[in-house]
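In: only the shape, not the letters, is given here:
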């Protein structure tokens, strides 16, 4: 399960002589256990059906020698405070064990409800976990680590000892590393995830279930000895031992064509080798293209990314789509066949580093939206085809881009994009919709057609523990997480462009500044309060409708689409969300914002709205029904706006 965890700190101070304590902590508002054990001791954590965390401590003390030569435990004074002290400070629970004297070891036995993230930093002792569902970050200097029926993402490390377990993976990147010892893991479910298992001074045994599909690499030190694929797997399972170590992999069948003893070198390939011939390791990821808008009607097509199995860091993209209705009515010669073809190459900067550099090239003829300020591109086909909404406007782009993306770390990305393209007008083609067949839609916004050359530099921040992106035009878009989360999501961009205008036979210099910053806050198990700010500034864009800022509709709820237009932008969003464990959710939100022209003599009025939402969570996004009431005047008056939303506003 994916959770953003608050911390439960265990501050282990010494207890009185030989005393065992048994205390409980309420499970409410507790999402993680963080245990730092500076002395030797075993840690056992098991699940319970009770709504509380029960902690049992068992200290063991060294004997001291008396004058008579006998070994007796030291005497200590009675302590007035109870053996286990629990202090609550907002959402942090601190536990302390007051004592005089120093135990030789301290064993912990904990019973807890299963949904809990756990971090353990131990010195000397065994760690045993059973039935836990959550992220596990476990370290011990010496001892064994045993996992039984656990589910989550794993970061398990030992300096000296054995790692064993029966586990279920839950996505993310997982690692099991012991510097001096062996690893024996049985995976209980066929769901694969990126996993690294290392035992440089021991052996590795990995037992997998039927139907488990993944890419496997076996290393002896720094030497790759085997690489093979199970089924159509794409997740990498890396197994690394020392030169004398053994790897036992059982439970998975490998196809003959996908198995090889080592990576082939180019000089080892036969002269007739053709990397594009079927059966030689090409991996396709096809997907349909389905869209509906008033400039094309129904749009159908397909797209795929592909790469060679031996070079997954180099990917190719091809997408084709057209309107079948226009094809039938007007013939293929009059069709606008949209296409996109591209290639990108990624260089990882260090085997264990999150840093990478990606270079890409795309050529295209595609239909894009005129303003993307907080608009949900994936929402429009639903509203346009069913209710006949017309929240977005479209134009055609024909040209190409080259780009570089530097992934600085797991949260920070720098992008440089160079664009050279033609921009053309598109006109309304159809008024059809399922529930409003006879109601005309508004016309599509005209643009100033011409050529564009631009350089755009972007700095993106995403500190959420679970990042969500969607691919659009072969680029990754940061998307709001459908689950409650915590962290920062933001983007700062500067775009310098030269735009030629066909109608005016002149060229304009355009600069655009954009800043968007969102803070996600989670409280307790089911509550979140999120804040977003968005600011923009354009210069030289008075005659370019395709560059202006548009507010209203889904980015400023409660107001009509395009209620505000200008070359300056301010937008603020607040939202409280309650997400029940069953997936049902409720929300209270407020949007405020304005777009205006720099030439305006005074700042215009701000749009302000309040709203309620209800719906449910799906892995692809939240499905919501929202009612929004504008608090300031609008073109529709102060009338409530109803909307069915696929995905969140931010």
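Out: Structure received. In this text the structure is predicted, and so the values were computed from the model without any measurement.

In: residue 234 sits in which helix or strand?
Out: Using DSSP states H and E, residue 234 falls within no helix or strand.

In: cool, and residue 439?
Out: Using DSSP H and E, residue 439 falls outside every helix and strand.

In: ok, it - contacts?
Out: 388, 431, 433 (Cβ atoms under 8 Å, 6 or more residues apart in numbering). (Each C-beta comes from the backbone N, C-alpha and C, glycine too.)

In: cool, residue 541 as well?
Out: 508, 510, 512, 547-548, 567.

In: name the helix or strand for it, please.
Out: Residue-wise, residue 541 maps onto no helix or strand under DSSP H and E.

In: apart from its chain neighbours, what residue comes closest to it?
Out: residue 547 (4.2 Å; Cβ to Cβ, 6 or more residues apart in numbering).

In: for residue 501, see how far away the one you found is.
Out: 12 Å (Cβ to Cβ, to the nearest Å).

In: repeat for residue 122
Out: Distance from residue 122 to residue 501, by Cβ to Cβ: 68 Å.

In: who's in contact with the nearest residue to residue 202 once chain neighbours are set aside?
Out: Closest residue to residue 202 apart from its sequence neighbours, by Cβ to Cβ, 6+ apart: residue 182 at 3.7 Å. Neighbour list for residue 182: 162-163, 199, 202-205 [criterion: Cβ under 8 Å, 6+ apart].

In: with residue 119 instead?
Out: Residue 119 touches 32-35, 137-138, counting by Cβ under 8 Å, 6+ apart.

In: can you tell me the helix or strand for it?
Out: Assessed by DSSP H and E, residue 119 sits inside strand 117-124.

In: which is the next helix or strand following that strand?
Out: strand 127-130.

In: show me the contacts of residue 541 that map onto strands.
Out: 508, 510, 512 (DSSP state E).

In: from these, pick the one nearest residue 300.
Out: residue 512 (33.6 Å; Cβ to Cβ).

In: name the helix or strand for residue 417, please.
Out: strand 412-425.

In: over to residue 385?
Out: Going by DSSP H and E, residue 385 is part of helix 380-386.

In: repeat for residue 329
Out: Going by DSSP H and E, residue 329 is in helix 324-330.

In: name the next helix or strand downstream of that helix, please.
Out: strand 338-348.

In: hmm, who's touching that next one?
Out: 299, 301, 303, 313-322, 355-367, 473-474.

In: buried subset of those?
Out: 299, 301, 303, 315-317, 319, 321-322, 356, 358, 360, 362, 364-367, 474 (16 or more other Cβ atoms under 10 Å).

In: please identify which of the contacts of residue 439 is nearest to residue 238.
Out: residue 433 (51.0 Å).

In: not counting sequence-adjacent ones, nearest residue to that closest one?
Out: residue 388 (3.3 Å).

In: can you give the domain ranges for this structure?
Out: Annotated domains of the chain cover 1-111, 153-265, 282-646 [automatic domain parsing].

In: for those, give me CSV that also has mean pLDDT and distance to residue 142.
Out: Output for the domains of the chain, formatted as CSV (pLDDT from 0 to 100; distance: least, Cβ to Cβ, whole Å):
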stretch, mean pLDDT, distance to residue 142
domain 1-111, 55, 9
domain 153-265, 83, 5
domain 282-646, 85, 23
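
In: list the buried residues for stretch 409-427?
Out: 411, 413, 415, 417, 419, 421, 423, 426.

In: please report the distance of the last one from residue 384.
Out: This points to residue 426. 14 Å.

In: for the chain, which residue is closest to the average position?
Out: Residue closest to the average C-alpha location in the chain (Cα atoms, centre = their mean): residue 467, at 1.5 Å.

In: so it makes contact with residue 478?
Out: Yes - assessed by Cβ atoms under 8 Å, residue 467 is found in contact with residue 478 at 7.5 Å.

In: surely residue 535 touches residue 515?
Out: Yes - using Cβ under 8 Å, residue 535 makes contact with residue 515 at a distance of 4.8 Å.

In: report how many residues lie close to the residue nearest to residue 541.
Out: 23 (other Cβ atoms under 10 Å).

In: gap between it and residue 514?
Out: 11 Å.

In: sorry, back to before: in CSV, list the contacts of residue 541 along with distance to residue 149.
Out: Shown next, in CSV, are the contacts of residue 541 (distance: Cβ to Cβ, whole Å):
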residue, distance to residue 149
508, 65
510, 59
512, 53
547, 56
548, 57
567, 59
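
In: between those, which is closest to residue 215?
Out: residue 512 (41.5 Å).

In: re earlier: give me phi/psi at the residue nearest to residue 433?
Out: Dihedral angles of residue 388 (phi, psi; degrees, to the nearest 10) stand at phi 80, psi 20.

In: who's in contact with it?
Out: So residue 388 contacts 431, 433, 435-436, 439, 441 (Cβ under 8 Å, 6+ apart).

In: the nearest residue to residue 386 once chain neighbours are set aside in helix, strand or coil?
Out: Spatial nearest neighbour of residue 386, chain neighbours left out: residue 434 (4.9 Å); criterion: Cβ to Cβ, 6+ apart. Secondary structure, DSSP: H, G, I helix; E, B strand; the rest coil: residue 434 is coil.

In: how far away is residue 434 from residue 621?
Out: In terms of Cβ to Cβ, residue 434 sits 22 Å off from residue 621.

In: of these two, who's got more company?
Out: Neighbours were counted for residue 434 and for residue 621 using other Cβ under 10 Å; residue 621 has more, 21 against 11.

In: please report the distance of the closest residue to that one other than its chain neighbours from residue 479.
Out: Closest residue to residue 621 apart from its sequence neighbours, by Cβ to Cβ, 6+ apart: residue 647 at 4.1 Å. According to Cβ to Cβ, residue 647 stands 8 Å off from residue 479.

In: now the residue nearest to residue 433: how far from residue 439?
Out: In terms of Cβ to Cβ, residue 388 sits 6 Å off from residue 439.

In: wait, the residue nearest to residue 541 sits on residue 539?
Out: No - with contact defined as Cβ under 8 Å, residue 547 and residue 539 do not form a contacting pair (10.2 Å).
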